[in-house]
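Trainee: Build me a structure from this.
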Amino acid sequence: MKYSLIALTCLVVLSCKTELDIFEPGKDTVSVYAILNANEPVQNIRINKVFLTDGDAMLVAKDPTQINFEEGELTVTLERFVDGSDVPAPTTVGNLIKKKIVLTDTLVNTQGGTFTTRQRLWQTRDKLYSWGDYKLTITNNISGAVYTSVTSMVDSVKSFGWQQPMPFLYYPNTPGAYPVHGKYPKTVSPADKLKYLNYVVLDQVQYIKFYTVPHARTYGMTMRFHYIDTLKNHTTRPGFVDYNFFQNDSKTTTGGMMMEDFHFVQEDFYKNLGYEMSKKDSPDVKRRSASHIEFIITAGSDDLATFLKVNEPSKTIAQDKPNYSNIKGGYGIFSSRSVSRLSKDLWPEFVDKIACNQYTNPYRFCNYLGFEIINVCP
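Mentor: Okay, the predicted model is just below:
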């Protein structure tokens, strides 16, 4: 008899074979995707059934009753432990009494694809701590099966001591070079130049540096350019374009190391901006104003780095890949990540360059004085 494995995770698809005999027919387990983030107001944990079927796996995957657990069928909890203690610590910021979070299950609609669009999630709005270890426990109230996992929380990238008052765009020996968006007037002097972003030297390599944080292994970077559209009906509309960098891993997870792996040639900023703007349909736009650039850094735990690496697309003809899971008794990933954000204003010369650069000039960006540049600057 032919049996097919049905296993679902959120956002990352585990390698899956159509014929497996890793456990007996009729015996089910769980597939888990849970990435805690103390920066977020809501934590979501996705849990699906994993089982063998002698039918068409794709048809079964479309059936929510086959993929989802029933309401109340699982009890899902989080406990927190610190400093190696086996005694639970407070789980919720602002509540020193609460030692266990019981998550609430809910059905949500997801994007269409191979699997059903009706998915059951387990959620909590409790504010999590950004340090310590959280233990996930999933109990099947019908079969009595218990599945567990533990992850160390990853704090957000931030100041590293009083000598570096801001986390990003590290300039040695210039402690005054870290203003953020909206903190300083638009009227600036040459002495203020380092306080603003200025990517006008096209062949210059720009580095985005920061200090690593404990328990984090993998880091992602997005440079988000914000602009404001003035429409023909005289209303305004905000917009943004992302410049995404490849993930980079830290050599250690101890934290406190300078991460210097994110860099770009400054002309590539204009090329990326022009390419992304070409995909936007904007016949109602009268003109555009450059606003600021936001740097978004994500930090993920060691387990998450391994999980992503194992499940990245194969670069060879060999398609069989190992599965990675840190769920005791089940499959999937229970891990943590963080997100840090810092915005910087633009030097007037940089705003002018955006308006007249050959890659960005066609998209109606105004110069620093608010005038649209009709032709590319000489």
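
Trainee: all strands for the stretch 101-250 of the chain, in order.
Mentor: For the stretch 101-250 of the chain, the strands defined by DSSP state E, counting those that start in this stretch cover 101-102, 104-109, 118-124, 133-140, 146-152, 205-211, 216-231, 236-244, 248-249.

Trainee: and of those, who's closest to L308?
Mentor: When the strands of the stretch 101-250 of the chain are compared for distance to L308 using Cβ to Cβ, the nearest one is strand 216-231, at 6.8 Å. C-beta: built from backbone N, CA, C; applies to glycine.

Trainee: The strands of the stretch 101-250 of the chain into TSV, with extra columns for distance to K49?
Mentor: Converted to TSV, these look like this (distance: least, Cβ to Cβ, whole Å):
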stretch	distance to K49
strand 101-102	21
strand 104-109	14
strand 118-124	10
strand 133-140	10
strand 146-152	12
strand 205-211	41
strand 216-231	29
strand 236-244	34
strand 248-249	33
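
Trainee: out of the ones you listed, nearest to S85?
Mentor: Between S85 and these, the shortest gap by Cβ to Cβ is with strand 133-140, which sits at 9.6 Å.

Trainee: circling back: can you tell which of the strands of the stretch 101-250 of the chain is closest to D268?
Mentor: Put simply, out of the strands of the stretch 101-250 of the chain the one that sits nearest D268 is strand 236-244, at 7.9 Å, with distance taken as Cβ to Cβ.

Trainee: helix/strand/coil for the residue nearest the centre of the chain?
Mentor: For the chain, the residue lying nearest the average C-alpha position, counting by Cα atoms, centre = their mean, turns out to be T298 (5.6 Å). Using DSSP: H, G, I helix; E, B strand; the rest coil, the three-state assignment for T298 comes out as strand.

Trainee: Of the strands of the stretch 101-250 of the chain, which is nearest V285?
Mentor: Within the strands of the stretch 101-250 of the chain, the stretch nearest V285 is strand 216-231; the backing value is 4.9 Å (Cβ to Cβ).

Trainee: Which other helices and strands does the closest one contact?
Mentor: Contact analysis of strand 216-231 by 3 or more Cβ pairs under 8 Å, 6 or more residues apart in numbering; DSSP states H and E lists strand 236-244, strand 248-249, strand 258-265, helix 266-277, strand 285-301, helix 302-310 as its packing neighbours.

Trainee: Put together a markdown table for those, with distance to V201 and mean pLDDT on each row.
Mentor: Output for these, formatted as a markdown table (distance: least, Cβ to Cβ, whole Å; pLDDT from 0 to 100):
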| stretch | distance to V201 | mean pLDDT |
| --- | --- | --- |
| strand 236-244 | 17 | 96 |
| strand 248-249 | 24 | 94 |
| strand 258-265 | 10 | 89 |
| helix 266-277 | 6 | 96 |
| strand 285-301 | 16 | 92 |
| helix 302-310 | 34 | 88 |
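
Trainee: Show me the one of the ones you listed that comes nearest E71.
Mentor: Distances from E71 to each of the helices and strands packed on strand 216-231 were compared using Cβ to Cβ; the shortest belongs to helix 302-310, at 28.5 Å.

Trainee: The closest one versus strand 216-231: what angle between them?
Mentor: 70 degrees (axes from the mean of the first three to the mean of the last three Cα atoms, to 10 degrees).

Trainee: In stretch 124-143, which residues are buried?
Mentor: For stretch 124-143, a neighbour-count test (16 or more other Cβ atoms under 10 Å) marks 124, 126, 128-130, 132-140 as buried.

Trainee: Ok, stretch 247-258 next?
Mentor: For stretch 247-258, the neighbour count (16+ other Cβ under 10 Å) marks Q247, D249, S250, T253, G255 as buried.

Trainee: Let me know the closest of those to E294.
Mentor: The nearest member of these to E294, counting by Cβ to Cβ, is Q247 at 18.8 Å.

Trainee: check contacts around that closest one.
Mentor: Q247 makes contacts with T218, Y219, G220, L308, as judged by Cβ atoms under 8 Å, 6 or more residues apart in numbering.

Trainee: Next: T212.
Mentor: Taking Cβ under 8 Å, 6+ apart as the contact definition, T212 lies against V157, Y219, S250, T252, G255, G256, M257, M258, M259, A299.

Trainee: Lovely, talk soon.
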